[in-house]
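Trainee: A structural model of the following input is requested.
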Amino acid sequence: MDFVSIRIITDDIGRLVGFYEGITGVQAAWGNEDFAELRTTHGTLAIGSTRTVALFAPGSARPADNRTVIIEFLVDDVDAVYERLKDTVQDFVNEPTTMPWGNRALLFRDPDGNMVNVFTPVTPEAIERFSR
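Mentor: You can find the predicted model right below:
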């Protein structure tokens with residue numbers, strides 16, 4: 001089994017795709033007006049409109065109703081990302097903070113309320129864990 005992507009269901013796909021394009025610098029690949037993907041080297045963030053839910057399991061997903069998943073992006077310099085995003089992101093959970101496991105992390109919510117973590121490994125152990 002190989003992990004491929006995480007999909008977010010939203011009522012406003014244009015807004016959410018634009019948000020993630022802005023924070024990641026990755027251009028979305030649109031499959032159609034109801035589905036887009038932001039493909040990175042190691043994973044894909046898929047975004048689908050609520051209209052797609054009826055195609056695979058009607059009523060199984062509700063947009064803007066998640067408080068359990070954190071979408072994470074590895075970045076070279078979390079402090080620089082914070083400076084770049086501080087005027088565009090509306091809902092920061094914290095400022096860049098060094099965590100006990102060795103990552104410097106910045107948490108915020110996307111326009112649908114999903115938690116996003118951008119982080120940089122800063123201790124030797126964390127740097128080794130994420131070396132590619």
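Trainee: what about the residue minimising distance to the centre of the chain, which SS state?
Mentor: With distances taken as Cα atoms, centre = their mean, residue 71 lies nearest the centre of the chain, 4.2 Å away. The local conformation at residue 71, judged by DSSP: H, G, I helix; E, B strand; the rest coil, is strand.
Trainee: doesn't residue 115 make contact with it?
Mentor: Yes: with contact defined as Cβ atoms under 8 Å, residue 71 and residue 115 form a contacting pair (7.0 Å). No exception for glycine: its C-beta is placed from N, CA and C like everyone else's.
Trainee: bridged to the residue nearest to the centre of the chain, which residues?
Mentor: Beta-bridge partners of residue 71, counted by DSSP bridges, are residue 116.
Trainee: which residues does it contact?
Mentor: By Cβ atoms under 8 Å, 6 or more residues apart in numbering, the contact set of residue 71 is 6, 8, 45, 110, 114, 115, 116, 117.
Trainee: please pull out the lowest mean pLDDT helix or strand from this structure.
Mentor: Across the helices and strands of the chain, mean confidence by mean pLDDT, DSSP states H and E is lowest for helix 53-56: a mean of 86.
Trainee: residues of that one that come out buried?
Mentor: Neighbour counts over helix 53-56 (16 or more other Cβ atoms under 10 Å) mark residue 53 as buried.
Trainee: what do you get for stretch 116-123?
Mentor: For stretch 116-123, using 16+ other Cβ under 10 Å, the buried residues are 116, 117, 118, 119, 120, 121.
Trainee: tell me the contacts of the first one?
Mentor: Listed by Cβ under 8 Å, 6+ apart, the contact set of residue 116 reads 23, 70, 71, 72, 73, 107, 108, 109, 110.
Trainee: which of the residues you listed sits closest to residue 88?
Mentor: Comparing the contacts of residue 116 against residue 88 with Cβ to Cβ places residue 23 closest, at 7.8 Å.
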